[in-house]
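Novice: Show me how the following folds:
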Amino acid sequence: MQIESVQNPRIKNIIKLQEKSRERKNQGVFMVEGIQENELALKAGFEAVEFYICPSIYPNEYPLPKVKQFEISATVFEKIAYRKTTGGIIGIYKTKSVALHKLQLPENALILVLEAVEKPGNLGAVLRTADGANVDAVIVCDETVDFYNPNVIRSSVGTLFTNQIASGSKEEVLHFLKNNNIQIVSTFLRDNTKSLYEVDFKSSSAIVLGTEATGLSDFWADESDVLIKIPMLGFVDSLNVSNAAAICVYEAVRQRL
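Specialist: Residues are numbered from 1 along each chain as shown. Purely as a prediction, here's the structure:
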């Protein structure tokens, strides 16, 4: 039987999962919209709970796990989908732990650390950069960060699932980095700040960035091994955090090639 009303309890719950971080955390599940995004979630080992398929849109060429599947009308799909061109599929998955101790790092790790995240879209863009550069982990210094926000998944085009992710307090993250002998390189302007291009990233390194609004805190400036700046040659003195992350990360990648 096809679900044809947005008043259906299951559809109403999907809307709750879309809109409320509290619901995602309380239920321990989150939603994934789109063919590519669902494929990446499954490849990354996320446990699917159920799928909602719009048969008039979904191409039915992609094998899905044997979990509950519900058909929904095009009208219902349009009501709950952010984009109408994502292939007619929405998956519900169990969340995974994002504890620091779950990270598995190689001998010569490259890590991105965000002190805080102002917008889900910025986090998604950073995750997309991290995937492109094959960064070993993305850590957010905010225990309340919601990695499973639909806007994070959407803006990351599913690379939330291809990255190792973790969160913790800034003190916990600092302890983790020092315990693993990881060089801490922070974007912060002081008298001893170096140009990004003067720093050696060939050893294990964590690149730490702050927000556009307030930049990085003194906590990280005081605890870092190296402070860096991106040369700014125009009239403005800062970049979007996702752009800054991309520039710094790819300089590290260039040195490691």
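
Novice: so what's the closest residue in space to residue 176 that isn't next to it in sequence up against?
Specialist: Closest residue to residue 176 apart from its sequence neighbours, by C-beta to C-beta, 6 or more residues apart in numbering: residue 100 at 4.9 Å. In short, each C-beta sits where N, CA and C put it, glycine included. Residue 100 sits next to 139, 166, 167, 168, 172, 173, 176 when contact means C-beta atoms under 8 Å, 6 or more residues apart in numbering.

Novice: where does the protein have low pLDDT?
Specialist: Counting by pLDDT under 70, the chain contains no low-confidence segment.

Novice: mind listing the helices for it?
Specialist: For the chain, helices defined by DSSP state H occupy the ranges 9-19, 21-27, 35-43, 74-80, 120-132, 150-155, 170-179, 218-223, 241-256.

Novice: Reformat those as JSON lines; add distance to residue 109 and mean neighbour count.
Specialist: Supplementary listing: these in JSON lines, determined by distance: least, C-beta to C-beta, whole Å; neighbours: other C-beta atoms under 10 Å:
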{"stretch": "helix 9-19", "distance to residue 109": "33", "mean neighbour count": "15"}
{"stretch": "helix 21-27", "distance to residue 109": "29", "mean neighbour count": "14"}
{"stretch": "helix 35-43", "distance to residue 109": "22", "mean neighbour count": "19"}
{"stretch": "helix 74-80", "distance to residue 109": "39", "mean neighbour count": "17"}
{"stretch": "helix 120-132", "distance to residue 109": "12", "mean neighbour count": "22"}
{"stretch": "helix 150-155", "distance to residue 109": "23", "mean neighbour count": "21"}
{"stretch": "helix 170-179", "distance to residue 109": "10", "mean neighbour count": "17"}
{"stretch": "helix 218-223", "distance to residue 109": "18", "mean neighbour count": "15"}
{"stretch": "helix 241-256", "distance to residue 109": "11", "mean neighbour count": "18"}
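
Novice: Out of those helices, which is closest to residue 54?
Specialist: Each of these was scored for nearness to residue 54 using C-beta to C-beta, and the closest is helix 74-80 (4.0 Å).
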